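Participant: Structural data only, the sequence is not supplied:
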């Protein structure tokens, strides 16, 4: 049950945490499911700050099952902000938990000040600009956009959305979301498409995002020939090293690089 953050309740919470004994196990699945059960509907987004310093070792520990359970339980689209502390954390799982739930991942080394990191991030999310973002392209066909789920936009931050389009002509871009409780829509009409020559880094950037997404799917679903073949194809085409591709630099090529 959520309670007001009064001085008395804060002191009770601190005493409770001080009395908690570390049993050496980490139950990520149940911790997040219990936190999600406490969330109540409201007009503004809800946030969970999840701090962990270990791998899932107690209860359900499979990445795919944990992600499915969180997705099923998160009916209110609560944002999950993940803080991974130290080096013994499953970054793949934590990154997926945050990205699937409109959050972000923050990693703190063991010798860093966790309190400062959390305070800095709290200051950032205390000034939301636009939440529940959706973007629509009219006039062209767009596919394979990343990130797959767009996070909220906060003051002083930026959001980069990258994808591919296959048709020609002008495009109207509609960005919608919420400013506080109010729904907003921003429309850019009849925008000219710019060729990628002046921005020749974009195709490789898109390929890197696509490869990252495919590798995540392979890890979740298991070996899949179609996905692996696409990773290989993209890696070779765009010169990106992947778990399924490697590159040999000849002496002649090395001299030319030098």
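Facilitator: Here it is on my side, so go on. Everything numeric in this text was worked out from a predicted model, so none of it was measured.
Participant: Could you measure from residue 135 over to residue 125?
Facilitator: Remark: distance between residue 135 and residue 125 (Cβ to Cβ, to the nearest Å) = 21 Å. Where C-beta positions appear, they are placed from N, C-alpha and C, glycine not excepted.
Participant: okay, and the helix or strand of this protein with the least pLDDT?
Facilitator: Among the helices and strands of the chain, helix 251-257 carries the lowest confidence by mean pLDDT, DSSP states H and E, at a mean of 46.
Participant: Okay, domains of the chain per the record?
Facilitator: Following automatic domain parsing, one gets these domains for the chain: 7-125, 128-192, 199-257.
Participant: any idea which of these is most buried?
Facilitator: Among the domains of the chain, domain 7-125 has the highest mean neighbour count (mean count of other Cβ atoms under 10 Å), at a mean of 15.
Participant: looking only at pLDDT, what's the mean for it?
Facilitator: Domain 7-125 shows a mean pLDDT of 89.
Participant: Same check on stretch 207-214?
Facilitator: Per-residue pLDDT values across stretch 207-214 average out to 93.
Participant: the strands in the stretch 151-258 of the chain, which residues?
Facilitator: Assigned by DSSP state E, counting those that start in this stretch, the stretch 151-258 of the chain shows strands spanning 153-154, 162-165, 171-179, 182-191.
Participant: residue nearest the centroid of this protein?
Facilitator: residue 99 (2.3 Å; Cα atoms, centre = their mean).
Participant: gap between it and residue 142?
Facilitator: In terms of Cβ to Cβ, residue 99 sits 20 Å off from residue 142.
Participant: Same check on residue 159?
Facilitator: Distance of residue 159 to residue 142, given as Cβ to Cβ: 16 Å.
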